[in-house]
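**Q** I would like to see how this sequence folds:
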Amino acid sequence: MVHALTVQRVLASLNGHSLAGLILTLLTHPSFTNSPTRLQFIEEWPALLDTLAKGSTGVSEATVKFATHYHTRLLTTELANLANKESGWHFCARRARAEQIESFSLEGMARTLQSQAPNLWSLIGVLLSADRERLKWRLRYLGLPPDALEAMLDRAQPPECPVSDTTPPSEAAYDSEDEYWAADEVEEEECVEEIPVAATTGAPTQASNEADPSARPKKRRCRAGERMLALLHISTNQKCNPLAATMGLFLHSTSAPELVVEVMAHAGLSISLTAIHNMVNSLSTCASERLRELAKSRTMAFAYDNFDMDFKSYSPTVGKPGATLLHATSALAFPLAHGVTADDLKCSQQLWDTDPMNPNASLDTIRPTRTWWDCVMAEEPSREERIYAWHFRDALVKHGGGFEHFRSELGSPEAIMRIPVTKTTHIPCRAMDINQSTNDGQGQIFKDLFAQANIGDPTDFSGAVDIREHVVLVHGDLGAGERINGIKQSRSIETKEVRRLQPVVFSMGLFHLLMAIRPHDSGRIGSKPGFRLMHELIKQFALARMLEVWRVEVHKCNSAHTSLALFADSKPTWQDVVNLSLRIAKDYLSVPAMATSDKLLRNNKIILARLLLYVETADAMKYGDIGRVEATFLPWASIHKTVSKHKYSAWLIKTRNDLMYVYPERLARAIRLNWLCNPSGKQDGFRPVDWMVELLNLYTKVVYPGTGYTRTLQLVLKQSPLIELFRHVHRLMQDNFHLIHRTVRHAPPDIGNTIKVLCKLLQESKGYTFVKDRKSVRIPDHLHEGMLLLQTQSGIVRVTRPSNTEELPDASASESAEASAHAAAQESEVGVNPTSLEGVQDTDGLMFEEESLNDVFELNVD
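**A** Numbering: from 1, shown residues only. Sure thing, here's the model as predicted:
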């Protein structure tokens, strides 16, 4: 401290000038910028302010008053600037747009606050850590070193901060606030990397300072600060309410009670009920803008399906007395990806000129009728065997035990036409109060969809995007395809292209094909099992049978290999595995004559071949190889023909022939590359387009339909374009509020024990071991019988009934009949009079019967 006499001499030398003037001149005059006295004064300025704040009553009050006033003005200025319209955080419910909701982020708001209002952000952080002693216990409980602990405490709070209580640290570590932050602890332990420690000192390294436990309190204060910031925004300017608007839409999507919404609105965390309804109306109205923007490119496709909802609160009317089950139609649109252009789809007139429905087309221009034989010409049997051999290798490597080291050699099956891996998007359309079970309903659906997308004939609707020369791809189930053909047939006399639905090109939904393949008579497995259950069971049965075949075949090669474990111990090379798998695929995909006397072996070979066909179809869809999917159409057409699903059989053949012979090459490529979508953008994330529609139906009628008296068809239709927005809002809430364990994805089930049990049953029954003259219940060979049906009914070959159908022909007679059928198929021409179904006989001499596919799930034990 300076002596009093020195101070008196300095004051006397002022000659009447004030001390304040001296200080101001020292601080502001350019000549004193680098003065040691000035620099020393600036360095000691905090201590001077502290003395002024703790000095006499008058000095202390004046200092604190000035500091408070100045800091308040600084903070309010920063907050006002943040709440201005220019900040981009204003949200009007009446003019809400989906882009505003999708771009919302609490962390983004926090980053903006830190950069544009650092003083306000610092104050919020200090207020959230007001108890210095409790903060010290928290940091010590998290394992912060002593030096880092004191440094963080000094930054967070001054030492003079009051203490709320004097609870010992051992008890404070387990106080009630730990329960509050328990979820965050779990989440942060999963995401924070291991803390590196210096080898010599044992202290955390510089890199660990960014990921040490002290980051947890920082994250907590940051999250709480984000919420406080949102409250400050809405209290400063009610239009600056992005969190409240997003929270309101979230509460609406979860069907939260009105009382909850009102409480949240009064707490400043949500907008009011009226504003929420206005926002939903605005978002629903503006939803079609994205659809119309996509339609301008003329490279879009539609997919739709019906859905039923039972409204128990439905009020009976004269038109529908007492009806509660209502039928509606949902739809979505998606852009055609993978380089598809509008010129690729510019072939509407070309297809119409050769269409048999065209009443003005001459016989010379109408395209010829194609049959299943045209599909056969394009197949390559050897490639099919190589693909099935890969499935055998996949089962051995992943589930055989002892072959895991071959995973790097396994690779993928031979590709035919693989869709590039690209994340696809889609736009939900407004659901329609239309029953699509009639041809007239189909016409109304297209009228509504074209109006939503603003496409059609400009001469009928001014401003509509002209699609008269282009085709519009439409995906749906088989019933939709039949009714589309029906309405196109009835409207074929129309003179305008759009009115006769000339641009519409239908593509059969592959998900519905899978559902048609799975068996319906499944009472032995469970009561009304869903698609996923049956899908997984088929895969497990196929895996068990393939592993049993491996065991049998390696035992044939070496009698010492009585199990796959012993085969693995013999250290086979990968080439040995490949060669053996090719031989297995060739031997077990057909029913050779030597197996005729062993009926059980014959049955099990047929079962395995059909299971592998399903596994191949599902795997090709999952990994986006549309060429492999298309290659299974003819086998499935034969099987569907055998089990009397004639419509599926006819559509599979028609689709295959249309892609090869009817559609122009560029259109066929566009259809193939967009037959599957990939919503996840992963290599194994391909899904049929109609699967996306079924998912849309789930969210429309189960997840977001409303509850109680608000659950009405009108609400469902209004909210249907907002389904994806609702899902996005839920993800926003989970991300911004750090909610964990909210996923619906589960780890794959451990099927190891299931496979072992199935393999044991197959081994005990000797299902794939040849036993001469062994008898068993006959299982029809759906593939070969269906192929024979296709031949006879298409007029390619004629097979007559033998005189005695009760006696089974021997193996040579069976082979002779099959050889004669194939020879006749190659030599005869289309136009031979087909026989009736009553005269058709399979190669075993038995009549065709309508049988369910559930037999393929039984372990046929003698």
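**Q** show me where this protein has strands.
**A** Secondary structure of the chain (DSSP state E): strands at 300-310, 325-335, 427-428, 455-456, 465-466, 472-476, 504-508, 676-677, 687-688.
**Q** Note down every partner strand of the fourth one and its orientation.
**A** It stands for strand 455-456. Strand 455-456 has the following strand partners under DSSP bridges: strand 465-466 (parallel).
**Q** centre of the chain versus the strand it pairs with, how much separation?
**A** Here the centre of strand 465-466 is set off from its chain's centre by 32 Å, with Cα atoms, centre = their mean, to the nearest Å.
**Q** returning to that earlier point: out of the strands of the chain, the one nearest residue 75 is which?
**A** strand 427-428 (44.0 Å; Cβ to Cβ). For every residue, glycine as well, the C-beta is placed using N, CA and C.
**Q** Which of the strands of the chain sits closest to residue 19?
**A** Shortest distance between residue 19 and the strands of the chain, using Cβ to Cβ, is found for strand 427-428: 72.8 Å.
**Q** name the helices or strands packed onto that closest one?
**A** The elements that strand 427-428 packs onto, with contact taken as 3 or more Cβ pairs under 8 Å, 6 or more residues apart in numbering; DSSP states H and E, are helix 273-295, strand 325-335, helix 723-736.
**Q** Paired strands for it, with orientation please.
**A** Going by DSSP bridges, the partners of strand 427-428 are strand 325-335 (antiparallel).
**Q** and the strand it pairs with with helix 723-736, angle?
**A** Calculated by axes from the mean of the first three to the mean of the last three Cα atoms, to 10 degrees, strand 325-335 forms an angle of 70 degrees with helix 723-736.
**Q** Mind listing what's buried along strand 325-335?
**A** Buried residues in strand 325-335, defined by neighbour count with 16 or more other Cβ atoms under 10 Å: 326, 328-335.
**Q** Specify which member of the residues you listed is nearest to residue 301.
**A** residue 334 (6.0 Å).
**Q** who's in contact with the spatially closest residue to that closest one that is not a sequence neighbour?
**A** Spatial nearest neighbour of residue 334, excluding adjacent residues (Cβ to Cβ, 6 or more residues apart in numbering): residue 426 at 4.0 Å. Residue 426 is in contact with 332-334, 677, 679, 692, 724, counting by Cβ atoms under 8 Å, 6 or more residues apart in numbering.
**Q** where does residue 426 land on pLDDT?
**A** Per-residue pLDDT puts residue 426 at 92.
**Q** do the one 4 residues further on as well
**A** In the prediction, the pLDDT value recorded for residue 430 is 93.
**Q** show me what contacts the residue lying closest to it once chain neighbours are set aside?
**A** Counting by Cβ to Cβ, 6+ apart, residue 721 is the residue found nearest to residue 430 once chain neighbours are left out, at 5.1 Å. If you count contacts by Cβ under 8 Å, 6+ apart, residue 721 has them with 283-284, 287-288, 428-430.
**Q** Excluding chain neighbours, what is closest to residue 457?
**A** The nearest residue in space to residue 457 (Cβ to Cβ, 6+ apart) is residue 498, at 4.3 Å.
**Q** If you could redo that for residue 11, that was the one I meant.
**A** In space, and not counting its chain neighbours, residue 11 is closest to residue 19: 7.3 Å by Cβ to Cβ, 6+ apart.
**Q** was I right about the one you found contacting residue 25?
**A** No - in this structure, residue 19 is not within contact of residue 25 by Cβ atoms under 8 Å, at 10.8 Å.
**Q** bridging residues for residue 456?
**A** Per DSSP bridges, the residues bridged to residue 456 are residue 466.
**Q** wait, it sits on residue 448?
**A** No - using Cβ under 8 Å, residue 456 makes no contact with residue 448, being 11.5 Å away.
**Q** Counting neighbours, go ahead and name the busier of these two.
**A** More crowded of residue 456 and residue 448, by other Cβ atoms under 10 Å: residue 456, with 24 against 19.
**Q** any idea how far that one lies from residue 46?
**A** Per Cβ to Cβ, to the nearest Å, residue 456 is found 74 Å from residue 46.
**Q** now swap in residue 289 and tell me
**A** Counting by Cβ to Cβ, the gap from residue 289 to residue 46 is 57 Å.
**Q** Those two - which one has more neighbours?
**A** residue 289 (12 against 9).
**Q** I figured residue 614 hits residue 513, correct?
**A** No - if you go by Cβ under 8 Å, residue 614 and residue 513 don't touch, sitting 10.9 Å apart.
**Q** need the contact list for residue 261.
**A** 248, 251-252, 270, 272-273, 276.
**Q** Do you know the pLDDT at it?
**A** Residue 261 carries a pLDDT value of 90.
**Q** try the one 4 residues further on
**A** As summarised for this prediction, residue 265 has a pLDDT of 86.
**Q** Next, count neighbours for it.
**A** Using other Cβ under 10 Å, residue 265 has 20 neighbouring residues.
**Q** Any regions of the stretch 701-850 of the chain where pLDDT drops low?
**A** Where the stretch 701-850 of the chain drops to pLDDT under 70, the residues are 740-746, 794-850.
**Q** For residue 754, grab the count of nearby residues.
**A** 16.
**Q** contacting residues for it?
**A** 540, 544.
**Q** where's residue 486 relative to residue 640, distance?
**A** Taking Cβ to Cβ, one finds residue 486 at 21 Å from residue 640.
**Q** Tell me which of the two has more neighbours.
**A** residue 640 (23 against 15).
**Q** could I get the helices and strands packed on strand 427-428 as JSON lines with distance to residue 352?
**A** Below are the helices and strands packed on strand 427-428 laid out as JSON lines (distance: least, Cβ to Cβ, whole Å):
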{"stretch": "helix 273-295", "distance to residue 352": "21"}
{"stretch": "strand 325-335", "distance to residue 352": "23"}
{"stretch": "helix 723-736", "distance to residue 352": "35"}
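**Q** so which of those is the most packed in?
**A** strand 325-335 (a mean of 20; mean count of other Cβ atoms under 10 Å).
**Q** CA atoms of that strand as PDB?
**A** Extracted as PDB, the C-alpha positions of strand 325-335 are listed here (Å, rounded to 0.1, in the frame of the first residue of the first chain):
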ATOM      1  CA  LEU A 325     -65.200 -50.200 -39.700                       C
ATOM      2  CA  LEU A 326     -64.100 -47.700 -42.300                       C
ATOM      3  CA  HIS A 327     -61.900 -48.300 -45.300                       C
ATOM      4  CA  ALA A 328     -59.400 -45.800 -46.600                       C
ATOM      5  CA  THR A 329     -56.300 -45.700 -48.800                       C
ATOM      6  CA  SER A 330     -52.800 -44.500 -47.900                       C
ATOM      7  CA  ALA A 331     -50.200 -43.600 -50.400                       C
ATOM      8  CA  LEU A 332     -46.600 -42.200 -50.700                       C
ATOM      9  CA  ALA A 333     -44.500 -40.800 -53.500                       C
ATOM     10  CA  PHE A 334     -40.800 -41.200 -54.000                       C
ATOM     11  CA  PRO A 335     -38.300 -39.900 -56.500                       C
END
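**Q** All set now, cheers.
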